[in-house]
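Q: sequence first, then the predicted structure:
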Amino acid sequence: MARILTGIQSTGIPHLGNILGAIVPGIQLSRDPQNECFFFIADFHSLTTVHDPQVLRENTYSTAAAWLAFGFDTKTGFFYRQSDIPEVTELSWFLSNFINHSRLELAHSFKDKKEQGIEANGGLFFYPVLMAADILLYDAQVIPVGKDQKQHIEYTRDICGNFNRTYGETLIMPEARIQKEVAIVPGTDGRKMSKSYGNTIDIFEDDNRLYKRIKGIKTSTVPMGSPIDPDTCTVFALFSLIANQDQTEELRKDYQAGSIGFGHAKARLFEVMKEKFAAERVKFNELMTDKRLIDSLLHDGAEKAGIVAYETLARVREKIGYNKFAYYAQ
Ligand code: ADP
Ligand code: TRP
């Protein structure tokens, strides 16, 4: 039995990178009855960038709807909003004392912003500690994430090790699970697909908008009829992540023979995307019109997850030298 946990920030509608990098691998793991899955919406993390209450709330629904549309079974798993279980903030305070300030300064999430001359808030600096609390609060063992989160998991492991060395074995050491083929899904400009780069492909948009995004993928300039190198083309990279092997090989051959241009390749990408995600797109839209259902599933999930959180926190409090439970709960 392995305990799996992953979160997605509620900063927008999950895009293809989130889906292939986190949701699909997570759902696959959840289908194995040997696994116990904790999938949550990291809406405390979103506060580092989203300060409009309505947007924050709406994003929570779309992130939840994406997990559900891809088939997460909330009866066997744990499905919750991070903010519904505030124990995580208490644990993150404890954990912040088990990592050096200088190490936090090197976290990509913080450093990249600073290097771009963007003033980072304290929450962004603290981001990896809150993430460590997300994981350690639930004794999670396996964390399926995209490659961009590898460093954060290493921070969690360091914090866990430091805590256990100080107080004896208390917290479970987690490990990242990064699927090699989809480690980094490229965005329309060839960089890592990310909400913060505005280069996403959003499969839950309507056909027109989806096609428009696909048509906007940056390509090189190759004269008509000349061969194209598939291995340096973003359209091909995305196609190969979605299409089956035969379709991918066919496109590769067409590229190499110079018998297809980028426009046609993009049309093929659009077709495979529509086909591959047809059921999930319908389900997503249905769910977005039934937010009470989403709320009730998240409510039930928080009740289940809250019990685990409470027990871990009691264990940690006692080890540190505090009362086992907060005053009000004694
Ligand atoms: P974003 O970068 O758009 O803000 P998040 O940081 O919320 O996305 O990512 C949520 C999850 O999706 C994480 O597990 C992350 O590793 C994964 N993910 C995000 N973008 C990509 C991508 N381009 N390729 C693969 N996985 C990704
Ligand atoms: N930081 C992650 C991201 O941006 C989201 C996240 C928050 C997460 N807490 C987590 C992922 C715990 C895995 C485990 O993608």
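A: Arrived safely. None of the values given here were measured: they were computed from a predicted structure. Ligands and ions are numbered 1, 2, ... in the order given.

Q: can you list the residues of the stretch 51-200 of the chain near ligand 1?
A: By the rule CB under 6 Å from any ligand atom, the part of the stretch 51-200 of the chain lying against ligand 1 is V145, G146, D148, Q149, V182, I184, V185, K192, M193, S194, K195, S196. Yep, even glycine has a C-beta here, placed from its N, CA and C like the rest.

Q: count the neighbours of the fifth one for me.
A: Burial of V182, expressed as a neighbour count using other CB atoms under 10 Å, amounts to 18.

Q: wait, doesn't it sit right on S240?
A: No: with contacts counted by CB atoms under 8 Å, V182 stays clear of S240, the gap being 10.3 Å.

Q: ok, back up a step: report the two of the residues of the stretch 51-200 of the chain next to ligand 1 separated the most.
A: Largest separation among these by CB to CB: V182 and S196, giving 19.1 Å.

Q: for the worst-scoring helix or strand of the chain on mean pLDDT, packing partners?
A: Using mean pLDDT, DSSP states H and E, helix 108-115 stands out as the lowest-scoring helix or strand of the chain, at a mean of 87. Applying 3 or more CB pairs under 8 Å, 6 or more residues apart in numbering; DSSP states H and E, one finds that helix 108-115 contacts helix 122-136.

Q: tell me the mean pLDDT for the helix or strand that the helix it packs on is followed by?
A: Heading C-terminal from helix 122-136, the first helix or strand you meet, by DSSP states H and E, is strand 142-144. Average pLDDT, strand 142-144: 94.

Q: quick one: contacts of strand 142-144?
A: Residues outside strand 142-144 that contact it (CB atoms under 8 Å, 6 or more residues apart in numbering): 2-6, 22, 25-26, 29, 35, 135, 149, 153, 156, 174-179.

Q: stretch 234-245 too?
A: 16, 20, 181-182, 185-188, 190, 201, 214, 217-219, 228, 230, 247-248, 251-252, 255, 262, 265-266, 268-269, 272-273, 276.

Q: what of stretch 128-139?
A: Residues from elsewhere that reach stretch 128-139, judged by CB under 8 Å, 6+ apart: 3, 5, 7, 38, 40, 42, 44-45, 78, 82, 85, 87-89, 91-92, 95-96, 99, 104, 107, 109, 143, 151-153, 155-156, 159-160, 163, 171-172, 174, 305, 308-309, 312-313.

Q: switch to 6 Å and redo it
A: 5, 7, 38, 88, 91-92, 95-96, 107, 152, 155-156, 159-160, 171-172, 174, 308-309, 312 (CB atoms under 6 Å, 6 or more residues apart in numbering).

Q: among these, which ones are in strands?
A: When DSSP state E is applied, the contacts of stretch 128-139 are split such that L5, G7, F38 fall in strands.

Q: out of the residues you listed, which comes closest to ligand 1?
A: Closest approach to ligand 1 among the ones in strands among the contacts of stretch 128-139 (CB to the nearest ligand atom): G7, at 7.5 Å.

Q: what bridges to the closest one?
A: Per DSSP bridges, the residues bridged to G7 are F40.

Q: closest point of the stretch 151-300 of the chain to ligand 2, which residue?
A: H152 (5.8 Å).

Q: how many residues are close by that residue?
A: Neighbour number of H152 under other CB under 10 Å is 23.

Q: begin at 57 from now on, thanks
A: Will do, 57 is the new start, and the previous item becomes H208.

Q: what's the average pLDDT for the longest helix anywhere in the chain?
A: Counting residues, the longest helix found in the chain (DSSP state H) is helix 347-376. Summarised as a single mean, pLDDT over helix 347-376 is 97.

Q: quick one, it and helix 178-192 angle?
A: Computed by axes from the mean of the first three to the mean of the last three CA atoms, to 10 degrees, the angle separating helix 347-376 from helix 178-192 equals 80 degrees.

Q: list the buried residues of helix 347-376.
A: Going by neighbour count (16 or more other CB atoms under 10 Å), the buried part of helix 347-376 is 350, 353-354, 357-358, 361-362, 364-366, 368-370, 372-373, 375.

Q: returning to what we had before: among the contacts of stretch 184-195, the buried ones, what's the ChimeraX command?
A: Buried residues within these, by 16+ other CB under 10 Å, are selected in ChimeraX with:
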select :61,63,94,144,147,148,151,152,163,208,211,212,215,216,227,230,364,365,368
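
Q: first-to-last residue distance for stretch 277-295?
A: Using CA to CA, to the nearest Å, the end-to-end distance of stretch 277-295 comes out at 19 Å.

Q: how about the CA coordinates for the helix or strand hosting E306, as PDB?
A: Here E306, judged by DSSP H and E, is contained in helix 301-313. Taking C-alpha atoms only, helix 301-313 is exported to PDB below (Å, rounded to 0.1, in the frame of the first residue of the first chain):
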ATOM      1  CA  GLN A 301       2.300   5.300 -31.700                       C
ATOM      2  CA  ASP A 302       1.100   4.700 -35.300                       C
ATOM      3  CA  GLN A 303      -0.200   8.200 -35.700                       C
ATOM      4  CA  THR A 304       3.000   9.600 -34.300                       C
ATOM      5  CA  GLU A 305       5.200   7.500 -36.700                       C
ATOM      6  CA  GLU A 306       3.000   8.600 -39.600                       C
ATOM      7  CA  LEU A 307       3.500  12.300 -38.800                       C
ATOM      8  CA  ARG A 308       7.300  11.700 -38.300                       C
ATOM      9  CA  LYS A 309       7.500  10.200 -41.800                       C
ATOM     10  CA  ASP A 310       5.500  13.000 -43.300                       C
ATOM     11  CA  TYR A 311       7.800  15.600 -41.600                       C
ATOM     12  CA  GLN A 312      10.900  13.800 -42.900                       C
ATOM     13  CA  ALA A 313       9.500  13.500 -46.400                       C
END
